[in-house]
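>>> coords below, sequence missing:
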């Protein structure tokens, strides 16, 4: 219930720490803590059955030439969370018809859930498959074709200028261990008590009553207040619970699925058949929800463009691009607030600009205050109406404060990728990037969400 969630989080807010409010260029005092009464013991729920999965990273079909090497990587997860220390077995099928080899037959997953081996193509040409397996999961496999080295070496284009990239991310995670998870839990658990949303509203309003005599009487009358306010809200705001649950779902969606525009720039012309370096700069982030789209640049929220210089690149066979691991520091909370206030909330409540507006559109504090005043019989309508308005504002401020608290010191995006590069206009330089796939991690506080699967893709072309 809301009571339980706010009580478990009150020590966080009660620290009174000053936190940078992202995009405002200054520091503000943490919002006043919402301190509700501790709940009674809840029945122990039946735990859901665990779900384990092995995900193949990158391309499933590989075309190699003799002696070429390629990294084969998988991700092992439990309930969409990475599992470290898991043994993954790799084996080449059709070994009688190939002399290709693996660097190891077993590999252990890292803390981020990834395990990898290197496949070296042999001299024998033809098709083979590599299978990765582990306990409690379905096997995954790569289809590999080994071809002869070309008898004549074709000229390899150079990497020169800037490629403009578009990257799509779809990250499967519950955000456990992050402030975002706390916010989602609060929104999602608004109706876990039979007397919610009335119970939540009453408990929150009572935190704004500073007259101890009135509060003592109101506390004794809580069961009646819960019933009366809940009946009122079900009559005047029947969509409140559903709206807040949809808010939680939409916020989770935009946090996991987003688009990034970036540039991959060569500091100088570089031969494509040698190791390369590039500067990768993020320019903007965008979200699409139910057909509506919002895009913002880092500069629009007073942040400099995140950049990683000298990212290592290699090109095999003249077209197969590998982008090495690199990490961006992100003020992810700032972007989530943009998506929340400009996409999620207006879709649920036209005209609303933040969570406080959304709550205020459904919770009529005049009627709630009058109902509580009549039930308690003390304080008068103005006292209770004012307490309700303060409570609604406190909840909205607290939730947005938690989101904004995800600053660049504890949020980051680490990615590596593979793609195809082409010189489509035969100018001698690469001008098109296709079939790009990203893998890596999105880190939010203690949450390290793995990035894996075909939905995490990128593409681009030359912009100068």
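Great, that's in hand. Model, not experiment: these values are computed from the prediction.
>>> Now tell me what touches the host helix or strand of residue 217 from outside.
Per DSSP states H and E, residue 217 falls inside helix 212-220. Residues outside helix 212-220 that contact it (Cβ atoms under 8 Å, 6 or more residues apart in numbering) are 206, 209, 225, 372, 376, 377, 378, 379, 383. From N, CA and C alone the C-beta is placed, and that goes for glycine too.
>>> what distance separates it from the centre of its chain?
43 Å (Cα atoms, centre = their mean, to the nearest Å).
>>> So for that helix, what gets flagged as buried?
Using 16 or more other Cβ atoms under 10 Å as the test for burial, helix 212-220 gives 214, 215, 218.
>>> Give me the next element, helix or strand, following that helix.
helix 222-236.
>>> So residue 145 belongs to a strand, correct?
Yes. Applying DSSP: H, G, I helix; E, B strand; the rest coil, one finds residue 145 inside a strand.
>>> measure it to residue 321 for me?
Per Cβ to Cβ, to the nearest Å, residue 145 is found 19 Å from residue 321.
>>> Between the two, which has more neighbouring residues?
residue 321 (22 against 14; other Cβ atoms under 10 Å).
>>> per-residue confidence for the more buried one?
In this prediction, residue 321 carries a pLDDT score of 95.
>>> now do the one 5 residues further on
With respect to pLDDT, residue 326 scores 97.
>>> what's near enough to touch it?
Counted by Cβ under 8 Å, 6+ apart, residue 326 has contacts 280, 308, 311, 414, 415, 416.
>>> Can you give me the buried ones in the one helix or strand residue 367 maps to?
Residue 367 is part of helix 365-376, with elements assigned from DSSP H and E. Using 16+ other Cβ under 10 Å as the test for burial, helix 365-376 gives 365, 367, 368, 369, 370, 371, 372, 373, 375, 376.
>>> Format those residues as CSV; extra columns: pLDDT.
Listed next are the buried residues of helix 365-376 as CSV, based on pLDDT from 0 to 100:
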residue, pLDDT
365, 96
367, 97
368, 97
369, 97
370, 97
371, 97
372, 97
373, 97
375, 96
376, 96
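>>> So, low pLDDT: which residues of the stretch 351-464 of the chain?
The model of the stretch 351-464 of the chain has pLDDT under 70 over residues 408.
>>> for the chain, same thing?
1-47, 151-153, 189, 408.
>>> Show me where it has its helices.
2-14, 179-188, 198-206, 212-220, 222-236, 240-256, 332-339, 345-348, 355-362, 365-376, 381-404 (DSSP state H).
>>> which residues sit in contact with residue 65?
Neighbours of residue 65 in contact, by Cβ under 8 Å, 6+ apart: 121, 146, 147, 148, 149, 150, 317.
>>> so it bridges to which residues?
As for beta bridges, residue 65 partners with residue 147 under DSSP bridges.
>>> Ok, the one 10 residues further on next?
Note on residue 75: beta-bridge partners residue 55, residue 114, judged by DSSP bridges.
>>> Could you measure from it over to residue 56?
In this view, residue 75 and residue 56 are 8 Å apart by Cβ to Cβ.
>>> Likewise for residue 170?
16 Å.
>>> Mind checking which of the two has more residues around it?
For residue 170 and residue 56, the more surrounded residue by other Cβ under 10 Å is residue 56, and the numbers stand at 18 against 15.
>>> For the more buried one, give me its contacts.
Applying Cβ under 8 Å, 6+ apart, we find residue 56 in contact with 74, 132, 140, 141, 142.
>>> Just the buried ones from those residues, in PyMOL syntax?
Buried members of the contacts of residue 56, defined by 16+ other Cβ under 10 Å, are picked up in PyMOL with:
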select buried, resi 74+132+140+142
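>>> Mind putting the contacts of residue 56 into CSV with distance to residue 108?
Below are the contacts of residue 56 laid out as CSV (distance: Cβ to Cβ, whole Å):
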residue, distance to residue 108
74, 12
132, 13
140, 17
141, 20
142, 20
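>>> give me the number of residues near residue 274?
11.
>>> do residue 281 as well
With other Cβ under 10 Å as criterion, residue 281 counts 20.
>>> That one contacts residue 304, correct?
No. Using Cβ atoms under 8 Å, residue 281 is not in contact with residue 304, being 9.9 Å away.
>>> and the most centrally placed residue in the chain, what does it touch?
In the chain, the residue lying closest to the centroid (Cα atoms, centre = their mean) is residue 256, at 3.6 Å. By Cβ under 8 Å, 6+ apart, the residues touching residue 256 are 169, 170, 171, 172, 173.
>>> what does residue 436 give?
165, 167, 321, 417, 418, 419, 420, 457, 458, 459, 460.
>>> With residue 187 instead?
Here residue 187 is in contact with 244, 245, 247, 248, 251, 399 (Cβ under 8 Å, 6+ apart).
>>> which two in those are spaced the farthest apart?
For the contacts of residue 187, the maximum inter-member distance is 14.2 Å, found between 245 and 399 (Cβ to Cβ).
>>> higher neighbour count, the two?
Neighbours per residue (other Cβ under 10 Å) separate residue 245 from residue 399, with residue 399 holding more: 25 against 15.
>>> picking that back up, between the buried residues of helix 212-220, which is nearest residue 410?
residue 215 (37.7 Å).
>>> how close does residue 210 get to residue 390?
Distance from residue 210 to residue 390, by Cβ to Cβ: 10 Å.
>>> what number of residues lie near residue 384?
Neighbours around residue 384, by other Cβ under 10 Å: 28.
>>> now swap in the one 4 residues further on and tell me
Applying other Cβ under 10 Å, we find 27 other residues in the vicinity of residue 388.
>>> I'd say it and residue 369 touch.
Yes. Applying Cβ under 8 Å, one finds residue 388 in contact with residue 369, separated by 4.9 Å.
>>> Need the residues touching each of those two.
Contacts common to residue 388 and residue 369, judged by Cβ under 8 Å, 6+ apart, are absent.
>>> Would you mind measuring from residue 49 to residue 78?
Separation of residue 49 from residue 78 (Cβ to Cβ): 11 Å.
>>> more neighbours, those two?
The residue with more neighbours, out of residue 49 and residue 78, is residue 78; 15 against 6, by other Cβ under 10 Å.
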